[in-house]
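Chemist: 3D, please:
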Amino acid sequence: MASDPEEQSQISGALVAVLAVGTGLSAANLYYAQPLLHTLARALHTGSGTAGLVVTFSQIGYALGLAFVVPIGDIVPRRRMVPLVLILTAAALAASAAAGSIGVLIGLALLVGLGSVAAQVLVPFAAVLAGPQQRGRVVGTVMSGLLLGILLARTLSGLVAGAGGWRVVYGAGAGLVLVLAAVLARVLPSEGARPQLAYRALLRSTVQVFRGDAGLRRRAGFGAIGMAGFSILWTTIAFLLAGPPFRYTDTVIGLFGLVGAGGALCASWAGRLADRGHTGRMTWGFAACTAVSWIPLWLGRHHLVWLIVGIVLLDIGVQGTQVTNQSVMYAGGGADRSRANAAYMVCYFAGGAAGSAAAAAVYSSGGWSAVTVLGGVVAVLGVLAALADRRWPLGAIRSGKSLEYANLDHPVALR
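Modeler: The predicted structure follows:
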């Protein structure tokens, strides 16, 4: 097999910073609604369970985008693709600002999620541009930007809604995305010749990548479990904080996004550990951190300090697991990084959508205590899966025979 010329490339610090900001702003679109769900429910005359569907459908849209849009990054120049996707996302955000009913907002959330996958085109692009010795660090840095975007999305959403209302949040988001599209159109580097492959064959090969690699499937399972727990927390916490005993405003609820900064801060550190080959220990260690977090989160139903401790631990565990997974995924060569990332992230956000839907239903019937029990059960499943991975390791992802399903240098695999 011919060596991948991308393996010898390097990436400048300035471009890494641009990619980190780009992924953060793209991913932020998924999370503007989370601290506003109680406000949306009141303004659009619906219940907490229905309002929670705004988050659920944005994640469903994201999963669809991952399945049908992200793989295109393997055959279409990303410099053209990413700005176009962002422009379409801005249009959906602008329409959301004018939505007159919860049904319309839920439908538009699907489109916003679909377009927000630009973040997952940029992450593998960073891995392509990075040299093998810096790949974990670069992925960790770009993921830190993504995670900070998620955290600041909640905080800024709460602050802006407190000052000007929830519609202004969506309008401002549309403006930011348009600016980002213009910047990336200018600064993203051009790529070499792209493989010639029909779209249907591309989608079929994405399935083949996933079916042909047990290691990728296992990492996707870890990611899905982690994202389910993450969504269980952030889909329902606004309802907890808006009610007794806290009774916080949108502005204060949005500030809780900053509590999860530990997850973003640990991403770069986790990337460096992955470069040193500690991914096995990291997998079960971060899974254990996630499971432990649900104890203080349960105590936090009445005590703010415990709630903050639980949020920090959960974000560290989930985001550390995510960086570990993606560092392992991008360790292999080949021309299939966008498709491998798409397959992985479809599972990741399918887990998130399931978690948010379940959490909204559980909160409506059993309150915060029931939500923490749900989250704890999911987290224990993650610990058991991580321990099984240590007992029966699979080795590197996309090595050996698995590459024949993915590499476009082997067209026989796509027949």
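
Chemist: isn't Gly92 up against Val112?
Modeler: Heads up, residue 92 is Ala, not Gly. Yes - using CB atoms under 8 Å, Ala92 is in contact with Val112, at 4.7 Å. C-betas here are computed from N, CA, C, even on glycine.

Chemist: out of the two, which sits in the busier spot?
Modeler: Neighbour count, other CB atoms under 10 Å: between Ala92 and Val112, Val112 has more, with 31 against 24.

Chemist: ok, longest helix in the chain?
Modeler: In the chain, taking DSSP state H as the definition, the longest helix is helix 337-391.

Chemist: show me where pLDDT drops low in this protein?
Modeler: Residues of the chain meeting the criterion pLDDT under 70: 1-10, 192-195, 261-265, 267-268, 271, 275, 277, 330-338, 394-415.

Chemist: look up which helix or strand Gly229 falls in, please.
Modeler: Secondary structure assignment for Gly229, by DSSP states H and E: helix 214-242.

Chemist: which stretches in the stretch 101-250 of the chain count as helices?
Modeler: Assigned by DSSP state H, counting those that start in this stretch, the helices in the stretch 101-250 of the chain fall at 102-115, 118-129, 135-164, 166-187, 199-211, 214-242, 250-255.

Chemist: could I get these as CSV with distance to Thr372?
Modeler: Putting the helices of the stretch 101-250 of the chain into CSV (distance: least, CB to CB, whole Å) gives the following:
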stretch, distance to Thr372
helix 102-115, 26
helix 118-129, 29
helix 135-164, 20
helix 166-187, 27
helix 199-211, 32
helix 214-242, 9
helix 250-255, 18
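
Chemist: out of those helices, which is closest to Tyr31?
Modeler: Nearest of those to Tyr31, taken as CB to CB: helix 135-164 at 4.1 Å.

Chemist: buried sites along the closest one?
Modeler: By 16 or more other CB atoms under 10 Å, the buried positions in helix 135-164 come out as 135-162.

Chemist: same question, stretch 366-380
Modeler: For stretch 366-380, burial by neighbour count (16+ other CB under 10 Å) applies to 368, 370-372, 374-376, 378-379.

Chemist: now render those residues as TSV, adding distance to Phe125.
Modeler: Below are these laid out as TSV (distance: CB to CB, whole Å):
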residue	distance to Phe125
Trp368	40
Ala370	41
Val371	36
Thr372	38
Leu374	36
Gly375	33
Gly376	37
Val378	31
Ala379	32
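
Chemist: wait, which of those is closest to Gly100?
Modeler: For the buried residues of stretch 366-380, the nearest to Gly100 is Val371 (30.3 Å; CB to CB).

Chemist: am I right that the closest one is in contact with Trp234?
Modeler: No - at 11.0 Å, Val371 does not count as touching Trp234 under the criterion of CB under 8 Å.

Chemist: thinking again about what came up before, so the helix holding Gly229 versus helix 199-211, what angle?
Modeler: 90 degrees (axes from the mean of the first three to the mean of the last three CA atoms, to 10 degrees).

Chemist: show me what helix 214-242 is packed against.
Modeler: In terms of contacts (3 or more CB pairs under 8 Å, 6 or more residues apart in numbering; DSSP states H and E), helix 214-242 is packed against helix 37-43, helix 53-68, helix 199-211, helix 250-255, helix 279-299, helix 304-329, helix 337-391.

Chemist: could you check the angle it makes with helix 53-68?
Modeler: 160 degrees.

Chemist: and the angle from helix 214-242 to helix 135-164?
Modeler: 20 degrees.

Chemist: helix 214-242: which residues count as buried?
Modeler: Residues 215-242 are the ones in helix 214-242 that count as buried (16+ other CB under 10 Å).

Chemist: quick one: work out the angle between that helix and helix 279-299.
Modeler: Using the same axes, to 10 degrees: helix 214-242 against helix 279-299 is 20 degrees.

Chemist: now do helix 214-242 and helix 304-329, the angle between them.
Modeler: Comparing the axes of helix 214-242 and helix 304-329 via the same axes, to 10 degrees yields an angle of 160 degrees.

Chemist: helix 214-242: how far from the chain's middle?
Modeler: Offset of helix 214-242 from its chain centre (CA atoms, centre = their mean, to the nearest Å): 10 Å.

Chemist: quick check: angle from that helix to helix 337-391?
Modeler: Using the same axes, to 10 degrees, helix 214-242 lies at 90 degrees relative to helix 337-391.

Chemist: from Ala287, how far out is Arg390?
Modeler: To Ala287, Arg390 is 10 Å away according to CB to CB, to the nearest Å.

Chemist: between the two, which one's more packed in?
Modeler: Ala287 (29 against 11).

Chemist: my guess is that one contacts Val383. True?
Modeler: Yes - counting by CB under 8 Å, Ala287 touches Val383, with 4.8 Å between them.

Chemist: list the contacts for Phe94?
Modeler: In this structure residue 94 is Ala, not Phe. 170-171, 174 (CB atoms under 8 Å, 6 or more residues apart in numbering).

Chemist: buried ones in the helix or strand where it lies?
Modeler: Using DSSP H and E, Ala94 falls within helix 78-97. Residues 78-79, 81-83, 85-97 are the ones in helix 78-97 that count as buried (16+ other CB under 10 Å).

Chemist: with stretch 353-367 instead?
Modeler: 353-360, 362-364.

Chemist: CA atoms of that stretch as PDB?
Modeler: Output of stretch 353-367 as PDB, limited to C-alpha atoms (Å, rounded to 0.1, in the frame of the first residue of the first chain):
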ATOM      1  CA  ALA A 353     -30.400  12.200  20.900                       C
ATOM      2  CA  ALA A 354     -31.500   9.000  22.800                       C
ATOM      3  CA  GLY A 355     -30.200  10.500  26.000                       C
ATOM      4  CA  SER A 356     -31.900  13.900  25.600                       C
ATOM      5  CA  ALA A 357     -35.200  12.300  24.600                       C
ATOM      6  CA  ALA A 358     -35.100   9.900  27.600                       C
ATOM      7  CA  ALA A 359     -34.000  12.600  30.000                       C
ATOM      8  CA  ALA A 360     -36.900  15.000  29.000                       C
ATOM      9  CA  ALA A 361     -39.400  12.200  29.500                       C
ATOM     10  CA  VAL A 362     -37.900  11.000  32.800                       C
ATOM     11  CA  TYR A 363     -37.700  14.600  34.200                       C
ATOM     12  CA  SER A 364     -41.400  15.100  33.400                       C
ATOM     13  CA  SER A 365     -42.400  12.100  35.400                       C
ATOM     14  CA  GLY A 366     -39.800  11.700  38.100                       C
ATOM     15  CA  GLY A 367     -37.900  15.000  38.400                       C
END
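
Chemist: having no further points to raise, I will conclude here.
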